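Asker: Pasting the sequence and the predicted model now:
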Amino acid sequence: MAASDDAPLKTLFLPFSQGRLRWPEGPVAFLRARDGWPLREQAQGRDLQCEQSFAPFAQALQAAGWDVASQLGEDHAGRYAMVLVLPPRQREEARALFARALGLLAPGGVLVAGQSNNEGARSGEGDLKLLAGLGGSLTKNHCRVYWSLPLGDQHDAALQGRWAALDAVRPILGGRFLSRPGVFAWDRTDPASALLAENLPTDLAGRAADLGAGYGYLTRELLERCPDITAVDLYEAEQRALSLAELNLAPPPRPVPLRFLWRDVTAGVEPGYDVIVSNPPFHTPAREDRPDIGQRFIFVAAQALRPRGRLYVVANRHLPYEQILNDSFGTVRVLAERDGFKLIEAVRGGGR
């Protein structure tokens, strides 16, 4: 859920509260939307379509009564009088999002973006100027809001096409996986995940879950290394990553049942697992340091495992996970350490 002090969200609506921009009569799209009082203050009762692929933010928007989709389809092209955007940090992903936002605009429409300074606001403003011409900008709250000229002949259609292609799904790691910009460790093997995979005991068996599955790396490694795993549920909050996992495990290394679940793990998962693997996030999409997210993953895993079920969780060495592990599991031990990461095996207490 977006925090009440969401500075980029507040700054995004600054041109409207200051009278620099007027809310249009036609429909408006909001890409990477987040709920919060600035949105409600400016858009309540208006024709607004939100797009959000990150489950916690999408759920918060839905709970507040907004119309939300994980992605607006091609049939939405040219429909909107205005498109609001909270651009991501990753520049290729952000440029592709600008290109897609431009394609959603009706003639005369305006694209408005809000971004924190340490998330690339100045670069984002420069990119929008190249793509569609800059109509104006304001700075406040250590953020920047900037907007395009009304959509017309001045926008660079060739550049739009090139930037739209930046977000294309592509092979990585010698073709073993498919990925795209913006997904966690999108173009490489994350070293923490590699440490976990390399130290998986080959005797793991039964029903498994991958919490924070990303593009499917750990699930594939689990199935390849552990022949007695009979089913895997992949939980992932980011729909963009989960869609890649479905591609990367079609077909799986072995013919076992797989479920791809667009879920916020911190809200809980289903019970009854024999094995759980996880490389939990320790920051929000806005890069805020949040070790409590990983701690919650561990608590949820403990609740979901059967007696004597095993959790394999990897983390930065400095993260404070020991207390929640010791409070939640019968046996806890560090299996391996490398490059500033630690792999922990935790076994739930109780008999079978």
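Answerer: Good, I have the coordinates.

Asker: pretty sure residue 164 is touching residue 96, no?
Answerer: Yes. With contacts counted by C-beta atoms under 8 Å, residue 164 reaches residue 96, the gap being 5.8 Å. In short, each C-beta sits where N, CA and C put it, glycine included.

Asker: So for these two, which sits in the more crowded spot?
Answerer: A direct count of neighbours by other C-beta atoms under 10 Å for residue 164 and residue 96 places residue 96 higher, at 23 against 17.

Asker: what kind of secondary structure is that one in?
Answerer: Using DSSP: H, G, I helix; E, B strand; the rest coil, the three-state assignment for residue 96 comes out as helix.

Asker: Start at 421, not 1
Answerer: All right, first residue 421 from here; so that's residue 516.

Asker: OK, contacts around it?
Answerer: If you count contacts by C-beta atoms under 8 Å, 6 or more residues apart in numbering, residue 516 has them with 583, 584, 585, 586, 587, 601.

Asker: Next: residue 725.
Answerer: When contacts are counted by C-beta under 8 Å, 6+ apart, residue 725 is found next to 693, 694, 696, 731, 768.

Asker: Check residue 600 too.
Answerer: Going by C-beta under 8 Å, 6+ apart, residue 600 touches 513, 587, 588, 589, 590, 606, 660, 664.

Asker: secondary structure element for residue 513?
Answerer: Using DSSP states H and E, residue 513 falls within helix 511-524.

Asker: And the residue nearest the centre of the protein?
Answerer: Among the residues of the chain, the smallest C-alpha distance to the mean C-alpha position (C-alpha atoms, centre = their mean) belongs to residue 658, namely 3.8 Å.

Asker: mind checking how far residue 452 is from residue 641?
Answerer: Plainly put, residue 452 is 30 Å away from residue 641 if you go by C-beta to C-beta, to the nearest Å.

Asker: Give the rounded mean pLDDT of the helix or strand harbouring residue 628.
Answerer: With secondary structure defined by DSSP H and E, residue 628 is part of strand 625-631. Model confidence over strand 625-631, given as mean pLDDT, is 98.

Asker: Run me through the strand neighbours of it, direction for each.
Answerer: For strand 625-631, the pairing partners within the sheet under DSSP bridges are strand 648-656 (parallel), strand 693-698 (parallel).

Asker: which phi and psi does residue 747 have?
Answerer: Taking degrees, to the nearest 10, you get phi -70, psi -30 for the backbone angles of residue 747.

Asker: again, but for the one 4 residues further on
Answerer: Backbone dihedrals for residue 751, given as degrees, to the nearest 10, come out at phi -130, psi 130.

Asker: Could you verify my assumption that it touches residue 766?
Answerer: Yes. Here residue 751 lies in contact with residue 766, judged by C-beta under 8 Å, at a distance of 7.0 Å.

Asker: Of these two, which one has the most company?
Answerer: Just comparing residue 751 and residue 766: by other C-beta under 10 Å the higher neighbour count belongs to residue 766, 24 against 13.

Asker: Run through who's touching the strand holding residue 628.
Answerer: For strand 625-631, with C-beta under 8 Å, 6+ apart as the criterion, the contacting residues are 638-639, 642, 646, 648-655, 685, 689-690, 692-698, 700, 717, 720-721, 724.
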